[in-house]
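Enquirer: Pasting the sequence and the predicted model now:
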Amino acid sequence: MASYSASSSSLASQSPHPWRYDVFISFRGKDTRRSFTSHLYDALCRKALLTFIDDDELQRGEEIAPSLVQAIQESNVAVVVFSKDHASSTWCLDELVKIIECHQTRGQIVIPVFYEVNPSHIRKQSHEVAIVFERHEQNPRNVHKIQNWRDALTMTANLCGLDSNNFRNDHMLISEIVEDVLKKLKKSTVCDGDEHLVGVDSHFQQIKQALSNVGQDVCVIGIWGMGGIGKTIIAEFIYKRLSFEFGRSCFLKDVREGTKVRDLRKELISQLLGEKDGNVYAFLETRLGRGKALIVLDDVDDSQQLDSLIGDPCWFGSQSVIIITSRNKQVLRRRAGFLYEIKPLQDKEALRLFSKSSFKQNYPRNDYESLSSSIVRYVQAIL
């Protein structure tokens with residue numbers, strides 16, 4: 001069993017725009033809901049991307065629903081599917097205006113997909129789109145929205161996107177969309193909030209190095225250290241950066257002694273397989289073995305609970321990774337092939353963390369250097 005010790009890491013503050021969803025799909029339901037868009041949604045979900053899709057097929061009102069506005073705001077990436085009748089829907093146009101607003105003010109990534117339409121027609125509102133806008137302009141209720149709709153269409157169509165006419169079939173197009181989303185999310189998550197992290201990247205590199213030596217086997221990594229030292233932050237950091245490389249992924253937080261194993265099993269299955277059945281064994285052995293999975297079990301205190309959740313590593317496909325965090329090294333010994341200890345921050349890192357939290361910069365202000373160092377030493381002494 002390999003073992004490694006390293007100093008801790010911490011998060012000084014939260015990202016200004018926390019994302020609840022990885023992807024928001026904007027589409028004209030009448031055109032593509034039961035065909036292209038449903039296949040795209042399934043493909044994104046298979047890559048463990050938390051994807052929002054509006055399932056409401058009921059009669060919609062005049063204004064875009066507040067819940068939908070919120071979902072747009074909380075999505076890192078918006079995939080906009082332009083189809084034949086997209087521009088005829090005022091709902092879709094309002095949605096697009098909101099997406100462009102989030103793109104400009106929140107840094108949301110927007111990927112336009114031109115599905116069986118000419119990108120130039122969308123960009124310039126020409127041909128069939130021009131006819132649709134003539135009808136929109138005849139409705140007095142649309143007068144104050146027309147220019148915003150036009151601007152949103154032009155701006156979105158000018159972004160780098162994908163044209164279905166350049167692909168032999170929908171499957172190839174969807175594969176390219178998913179790949180594009182993954183690339184952009186990787187770039188986004190590597191940067192998002194990293195300025196607030198202290199000491200975490202070195203942990204990530206050490207654990208990534210351990211993973212590179214695994215080969216085709218299932219790898220179980222144990223991260224241990226005292227409470228509050230940063231195990232969960234490190235596990236989340238690793239999960240964010242590696243989950244896109246796995247066909248299935250799952251992060252279970254606060255797995256503690258006393259939590260019902262049955263509930264944890266249901267959550268494990270739900271995240272990995274999209275199933276609600278609590279019979280973990282029937283699914284894991286027959287389905288997870290078909291592809292590699294990333295599983296993070298955070299704050300585990302009970303060996304039997306651990307056995308019930310992950311059972312036999314042979315259940316999981318080749319190159320699957322299981323990361324377990326715990327305060328108790330003994331819980332991890334029997335399962336983990338690689339143990340990684342998190343130790344308190346070194347003096348310089350601790351002072352940097354304190355400075356980021358207190359002064360919003362890497363070092364204390366000149367008139368607070370001595371006091372800051374004293375506070376850091378005092379806190380370290382009581383840990």
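Expert: Sure thing, it's come through.
Enquirer: so where's the stretch 1-150 of the chain uncertain?
Expert: 1-18, 56-63 (pLDDT under 70).
Enquirer: hmm, 50 instead?
Expert: Along the stretch 1-150 of the chain, the parts satisfying pLDDT under 50 run over 4, 7, 9-16, 57-61.
Enquirer: Give me the helices and strands touching the helix or strand where Q205 lies, please.
Expert: For Q205, the host element (DSSP states H and E) is helix 200-212. With contacts taken as 3 or more CB pairs under 8 Å, 6 or more residues apart in numbering; DSSP states H and E, helix 200-212 sits against strand 2-7, strand 219-224, helix 231-242, strand 338-343. The C-beta positions use only the backbone N, C-alpha and C, and glycine is treated the same way.
Enquirer: how about the ones you listed, which one is nearest M155?
Expert: Checking those against M155 by CB to CB gives helix 231-242 as the closest, at 29.0 Å.
Enquirer: Alpha carbons of that closest one, as CSV, please.
Expert: Output in CSV follows, covering the C-alpha atoms of helix 231-242 (Å, rounded to 0.1, in the frame of the first residue of the first chain):
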residue,chain,number,x,y,z
LYS,A,231,-10.2,16.7,2.8
THR,A,232,-13.6,17.5,1.3
ILE,A,233,-12.2,20.6,-0.6
ILE,A,234,-9.4,18.5,-2.1
ALA,A,235,-11.8,15.7,-3.0
GLU,A,236,-14.2,18.2,-4.7
PHE,A,237,-11.3,19.8,-6.6
ILE,A,238,-10.2,16.4,-7.9
TYR,A,239,-13.8,15.4,-8.8
LYS,A,240,-14.4,18.6,-10.8
ARG,A,241,-11.3,18.1,-12.8
LEU,A,242,-11.5,14.4,-13.5
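Enquirer: ranges for the strands of the stretch 1-150 of the chain?
Expert: In the stretch 1-150 of the chain, the segments counted as strands under DSSP state E, counting those that start in this stretch are 2-7, 10-11, 21-26, 51-52, 75-82, 109-114.
Enquirer: What segments of the stretch 201-350 of the chain are strands?
Expert: Per DSSP E, counting those that start in this stretch, the stretch 201-350 of the chain has strands spanning 219-224, 248-252, 293-297, 321-326, 338-343. These are given in chain order.
Enquirer: Parallel or antiparallel, list what pairs with the last one.
Expert: So the one you mean is strand 338-343. Sheet pairing for strand 338-343, assigned by DSSP bridges, gives strand 2-7 (parallel), strand 219-224 (parallel).
Enquirer: Could I get the buried residue list for the last one?
Expert: In this case it means strand 219-224. C219, V220, I221, G222, I223, W224 (16 or more other CB atoms under 10 Å).
Enquirer: Now the two most distant members of the residues you listed.
Expert: C219 and W224 (16.3 Å).
Enquirer: need the longest helix for this protein.
Expert: helix 170-191 (DSSP state H).
Enquirer: can you list contacts of that helix?
Expert: 22-23, 35-36, 39-40, 43-44, 47, 49, 76-77, 79, 109, 111, 113, 115, 162, 164, 167, 240-241, 244 (CB atoms under 8 Å, 6 or more residues apart in numbering).
Enquirer: Among the strands of the stretch 1-150 of the chain, show me which one is buried the most.
Expert: Greatest average neighbour count among the strands of the stretch 1-150 of the chain goes to strand 75-82 (a mean of 26), per mean count of other CB atoms under 10 Å.
Enquirer: helices or strands up against that strand?
Expert: Partner elements for strand 75-82 (3+ CB pairs under 8 Å, 6+ apart): strand 21-26, helix 36-46, helix 90-105, strand 109-114, helix 170-191.
Enquirer: Out of the ones you listed, which is the most enclosed?
Expert: By mean count of other CB under 10 Å, the helices and strands packed on strand 75-82 have strand 21-26 as the most buried, with a mean of 24.
Enquirer: Next, report how far that one is displaced from the centre of its chain.
Expert: Computed by CA atoms, centre = their mean, to the nearest Å, the chain-centroid distance of strand 21-26 equals 10 Å.
Enquirer: With stretch 242-253 instead?
Expert: Put simply, stretch 242-253 sits 9 Å off its chain's centre (CA atoms, centre = their mean).
Enquirer: What count of nearby residues applies to V143?
Expert: V143 has 11 neighbouring residues, counting by other CB atoms under 10 Å.
Enquirer: what's the answer for S164, then?
Expert: 18.
Enquirer: Noted, bye for now.
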